[in-house]
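Asker: pasted the sequence and its predicted model underneath.
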Amino acid sequence: MSITISRLSDRDGQDALGALLIRTLGARFVSPEDALAQLRATWHHYHVTTLDDRLVWRHMRWRFDGPQSVGSIRAKIGVPDGQGRDLGYIVEAGIRGGHAVLLITADTSGSSAQATEIFPDFATRGYRAVHAGVGVFEMWDGRPTVGRVILSREPLIGDLGDTVPEEDAPTLDALWEQHFSGHEAVLLPAG
């Protein structure tokens, strides 16, 4: 305890504490800290979207292991739009009812698309290397969509470019189906 208190008396300790407080007070989506432990890692994120009028898997690396606030995970990402631009987004991650929930919003005040992703039973199966879920978002062609999303601790395919090669798409489709088993009753009609 005395080491911590003495550390706070030097400039670096004060700066670190101040930065932690600013991040914590600015957090909008919070969860119990112990529930977030399994999410605090670097993740490979895969999602299906449109590119040049065809469905493709896209890949990004999301860093949830950097300096964070207490009870909150937040990361900045750049999403390639297929036309050579990276659009800035903020990803906030949390745990609700055992599910990992990711809120993705534009990093600017513009009217850019937003997304919400849910990974069922993440809190009880966080130890798994692959998690499959669903995302609600707007595709680049403007269609509102419920689509496939995957989080993995390691790359799932060899090429780690932004767009997954067409020959690797069946691998990701099969992994999503394998890891989403038990949750297939998605968007069933009432009648």
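Answerer: Noted; the coordinates are in hand.
Asker: the residue most central in space within the chain and Leu39: what is the separation?
Answerer: Nearest to the centroid of the C-alpha atoms of the chain, with distances taken as CA atoms, centre = their mean, sits Leu102, at 5.3 Å. According to CB to CB, to the nearest Å, Leu102 and Leu39 sit 9 Å apart. Just so you know, the C-beta spots here come from the backbone N, C-alpha and C atoms, and that holds for glycine as well.
Asker: equivalent analysis for Asp173, please.
Answerer: Shown here: Asp173 relative to Leu39, a distance of 25 Å by CB to CB.
Asker: got it, and Gly78?
Answerer: Spatial separation of Gly78 from Leu39 under the definition CB to CB is 20 Å.
Asker: comparing those two, which residue is more hemmed in?
Answerer: Residue environment comparison for Gly78 versus Leu39 gives the larger neighbour count to Leu39, 24 against 13, counting by other CB atoms under 10 Å.
Asker: give me the distance between the more buried one and Gly94.
Answerer: Taken as CB to CB, the spacing of Leu39 relative to Gly94 amounts to 8 Å.
Asker: which neighbours do the two share?
Answerer: Both Leu39 and Gly94 are in contact with 73, 100, where contact means CB atoms under 8 Å, 6 or more residues apart in numbering.
Asker: now do the helices in this structure.
Answerer: With helices called from DSSP state H, the chain shows them at 2-9, 11-26, 33-36, 169-179.
Asker: quick check: mean pLDDT across the longest one?
Answerer: Along helix 11-26, the predicted confidence averages to a pLDDT of 51.
Asker: kindly report the same for the third one.
Answerer: Mean per-residue pLDDT for helix 33-36: 88.
Asker: begin at 53, not 1, for the rest of this chat.
Answerer: From this message on, residue numbering opens at 53, which makes the last subject helix 85-88.
Asker: which strands and helices sit next to that helix?
Answerer: Packed against helix 85-88 by the contact rule (3 or more CB pairs under 8 Å, 6 or more residues apart in numbering; DSSP states H and E) you find strand 138-148.
Asker: how about 6 Å then?
Answerer: Based on contacts counted as 3 or more CB pairs under 6 Å, 6 or more residues apart in numbering; DSSP states H and E, there is no element that helix 85-88 packs against.
Asker: in it, what's buried?
Answerer: The neighbour-count check on helix 85-88 (16 or more other CB atoms under 10 Å) flags 87-88 as buried.
Asker: extract the C-alpha trace of it and format it as PDB.
Answerer: As requested, the backbone C-alpha atoms of helix 85-88 are provided in PDB (Å, rounded to 0.1, in the frame of the first residue of the first chain):
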ATOM      1  CA  GLU A  85     -14.900  -5.400 -13.900                       C
ATOM      2  CA  ASP A  86     -14.500  -9.100 -13.200                       C
ATOM      3  CA  ALA A  87     -17.000  -9.900 -16.100                       C
ATOM      4  CA  LEU A  88     -14.800  -8.000 -18.500                       C
END
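Asker: having no further points to raise, I will conclude here.
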